[in-house]
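Enquirer: got a structure for you, letters missing:
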């Protein structure tokens with residue numbers, strides 16, 4: 001992955017919360033098979049989504065639908081251009097610095113969805129902000145620690161990212177191959193959750209576990225949306241991708257499949273405990289979005305089979 005060195009990336013919406021409090025008071029989530037999350041494993045890619053959503057609405061049991069029009073939210077209140085990203089101005093900076101690359105990717109995601117939502121859904125994009133942190137951070141969904149991993153908080157409509165997740169968890173504990181397109185895939189998936197929140201899709205989530213559950217359909221749709229953006233990025237003036245980048249995205253989708261995580265936990269594969277879909281499903285829906293490029297093609301809730 002390379003960036004156009006002359007591109008202006010100053011508009012990327014990302015800031016840094018630094019090192020915050022966390023510890024035992026944060027959201028510590030169980031992995032499928034009963035293994036406790038530790039060392040950064042978690043986040044919207046791996047943890048049970050409804051736990052995060054009920055943190056936001058203060059509920060438990062029943063449905064987990066959220067009406068975005070009723071969300072006031074409490075933004076983290078962090079200035080957009082924090083010191084960490086202050087020197088990220090051009091694509092040349094993005095080619096030399098991982099923080100600047102993150103800012104460029106988020107700018108691309110905002111530009112893509114800013115054009116795609118009006119065209120395909122007659123809706124306007126309210127851009128999401130991304131907050132990087134270390135240790136812990138306060139969010140509209142409560143206190144989160146680095147154990148949660150990357151996640152989207154629908155209450156404040158922001159993405160939260162502890163950047164140690166990729167080396168410590170995705171590559172280290174889950175055995176992903178890594179690469180410079182792994183983080184863009186994750187960010188695109190999380191931005192997909194923001195699109196779902198804006199479109200009211202999260203309100204369709206009623207069943208939270210099982211191979212055919214609404215939670216799985218929500219996650220596979222976010223993977224499909226990530227594929228949509230990837231196809232756009234490949235042909236954009238800002239980002240240049242190659243076959244290796246696509247392979248890295250597919251490998252990451254494979255690494256965070258529920259069956260793969262269950263196998264890593266040593267508890268055996270149990271589809272009744274799935275919340276995000278199998279490795280095969282995640283790769284298939286990413287590929288579908290990449291090849292077909294439409295919101296309609298990514299309608300997992302209408303799909304007869306996943």
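Expert: Done, it's in. Note that this is a predicted model, so its numbers are computed, not measured.
Enquirer: what sits against the residue nearest to the spatial centre of the chain?
Expert: The centre of the chain sits closest to residue 190, judged by C-alpha atoms, centre = their mean, with a distance of 2.2 Å. Taking C-beta atoms under 8 Å, 6 or more residues apart in numbering, we find residue 190 in contact with 44, 130, 150-152, 159, 161, 222. To be clear about C-beta, it is placed using only N, CA and C from the backbone, and glycine gets the same treatment.
Enquirer: cool, residue 283 as well?
Expert: With contacts taken as C-beta under 8 Å, 6+ apart, residue 283 has the following neighbours: 250, 253-254, 257.
Enquirer: change it to 6 Å
Expert: Residue 283 makes contact with 250, 253-254, according to C-beta atoms under 6 Å, 6 or more residues apart in numbering.
Enquirer: Low-confidence stretches in this protein?
Expert: Across the chain, the stretches falling below the confidence threshold (pLDDT under 70) are 20-82, 167-176, 178.
Enquirer: Scan it for its longest helix.
Expert: Here the longest helix in the chain is taken by residue count, with DSSP state H as the criterion, and it is helix 98-121.
Enquirer: Which strands or helices does that helix pack on?
Expert: Packing contacts for helix 98-121, counted by 3 or more C-beta pairs under 6 Å, 6 or more residues apart in numbering; DSSP states H and E, involve strand 14-19, helix 91-96, helix 182-199, helix 214-234.
Enquirer: Recalculate using a threshold of 8 Å.
Expert: Other elements packing on helix 98-121 under the criterion 3 or more C-beta pairs under 8 Å, 6 or more residues apart in numbering; DSSP states H and E are strand 14-19, helix 91-96, strand 129-134, helix 182-199, helix 214-234, strand 239-240.
Enquirer: got CSV for those, with distance to residue 123 too?
Expert: Listed next are these as CSV, based on distance: least, C-beta to C-beta, whole Å:
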stretch, distance to residue 123
strand 14-19, 23
helix 91-96, 29
strand 129-134, 19
helix 182-199, 7
helix 214-234, 14
strand 239-240, 24
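Enquirer: Relative to residue 286, which of those is closest?
Expert: Shortest distance between residue 286 and the helices and strands packed on helix 98-121, using C-beta to C-beta, is found for helix 214-234: 4.2 Å.
Enquirer: Run the chain-centre distance for that closest one.
Expert: With C-alpha atoms, centre = their mean, to the nearest Å as the basis, helix 214-234 stands 10 Å off its chain's centre.
Enquirer: same thing with stretch 91-100?
Expert: Distance, stretch centre to chain centre, for stretch 91-100: 21 Å (C-alpha atoms, centre = their mean).
Enquirer: Give me the distance between the two termini of that stretch.
Expert: Taking C-alpha to C-alpha, to the nearest Å, the first and last residues of stretch 91-100 lie 8 Å apart.
Enquirer: got the contact list for it?
Expert: The set of residues external to stretch 91-100 that reach it, using C-beta under 8 Å, 6+ apart, is 2-7, 9, 84-85, 87-88, 101, 103-104, 132, 163, 183, 238.
Enquirer: mind running it again at 6 Å?
Expert: By C-beta under 6 Å, 6+ apart, the list of residues contacting stretch 91-100 reads 3-5, 7, 9, 84-85, 88, 101, 104.
Enquirer: Just the ones of the residues you listed in helices?
Expert: The helices in this structure, assigned by DSSP H, contain 101, 104 from these.
Enquirer: now, among the contacts of stretch 91-100, which is nearest to residue 199?
Expert: When those are compared for distance to residue 199, the smallest value, 25.4 Å, is given by residue 104; criterion: C-beta to C-beta.
Enquirer: I'd say the closest one and residue 2 touch.
Expert: No - using C-beta atoms under 6 Å as the test, residue 104 is too far from residue 2 to be in contact (10.3 Å).
Enquirer: who has more neighbours, these two?
Expert: The residue with more neighbours, out of residue 104 and residue 2 and counting by other C-beta atoms under 10 Å, is residue 104; that gives 29 against 15.
Enquirer: In contact with that one, which residues?
Expert: With contacts defined as C-beta under 6 Å, 6+ apart, residue 104 is in contact with 3, 9, 94.
Enquirer: Mind doing that once more with 8 Å?
Expert: With contact taken as C-beta under 8 Å, 6+ apart, residue 104 is in contact with 3, 7, 9, 12, 88, 91, 94, 238-239.
Enquirer: Kindly report the same for residue 139.
Expert: Taking C-beta under 8 Å, 6+ apart as the contact definition, residue 139 lies against 76, 131, 153, 155-156, 158, 160.
Enquirer: Among those residues, give me the pair with the biggest separation.
Expert: Checked with C-beta to C-beta, these reach their widest spread between 131 and 155, with 13.4 Å between them.
Enquirer: one step back: is it possible to mark the buried ones in the contacts of residue 104?
Expert: Restricting the contacts of residue 104 to buried positions leaves 3, 7, 9, 12, 88, 91, 94, 238-239, with burial counted as 16 or more other C-beta atoms under 10 Å.
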